[in-house]
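[1] Sharing a model prediction with you, sequence too.
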Amino acid sequence: CSKVSKRATLGLPPLPEDSIRVVRSMRAASPPASASDLIEQQQRRARREHK
């Protein structure tokens, strides 16, 4: 929201595309290995909870 307010003060229209690009860049920056590790940890936790 801070970016939108700053753009309003500068007289620039809000661009939702920028936020989407930032999210995509963040996801792309994260390696897929870490994502798979997180999923494995979640599955292991779920199995422990069921027991």
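    Okay, I see it.
[2] alpha carbons only for contacts and neighbour counts from here, please
    Will do.
[3] so where do the helices sit in the protein?
    Ranges of helices in the chain, per DSSP state H, are 2-10, 16-29, 32-50.
[4] any idea which of those helices scores lowest on pLDDT?
    Looking over those, mean pLDDT reaches its minimum on helix 16-29, with a mean of 64.
[5] Quick one: neighbours of residue 7, just the number.
    Close neighbours of residue 7, defined as other C-alpha atoms under 10 Å, add up to 14.
[6] how close does it get to residue 43?
    The spacing between residue 7 and residue 43, counted by C-alpha to C-alpha, to the nearest Å, is 43 Å.
[7] and what of residue 9?
    Noted for residue 9: a distance of 47 Å to residue 43, by C-alpha to C-alpha.
[8] try residue 6
    Taking C-alpha to C-alpha, one finds residue 6 at 42 Å from residue 43.
[9] What of residue 4?
    39 Å.
[10] repeat for residue 2
    Relative to residue 43, and taking C-alpha to C-alpha, residue 2 is found at 37 Å.
[11] who's more crowded, these two?
    Per other C-alpha under 10 Å, whichever of residue 2 and residue 43 has more neighbours is residue 43, with 12 against 7.
[12] Tell me, how many residues neighbour residue 5?
    Residue neighbour count, defined by other C-alpha under 10 Å, stands at 13 for residue 5.
[13] Show the contacting residues for it.
    Counting by C-alpha atoms under 8 Å, 6 or more residues apart in numbering, residue 5 touches no other residue.
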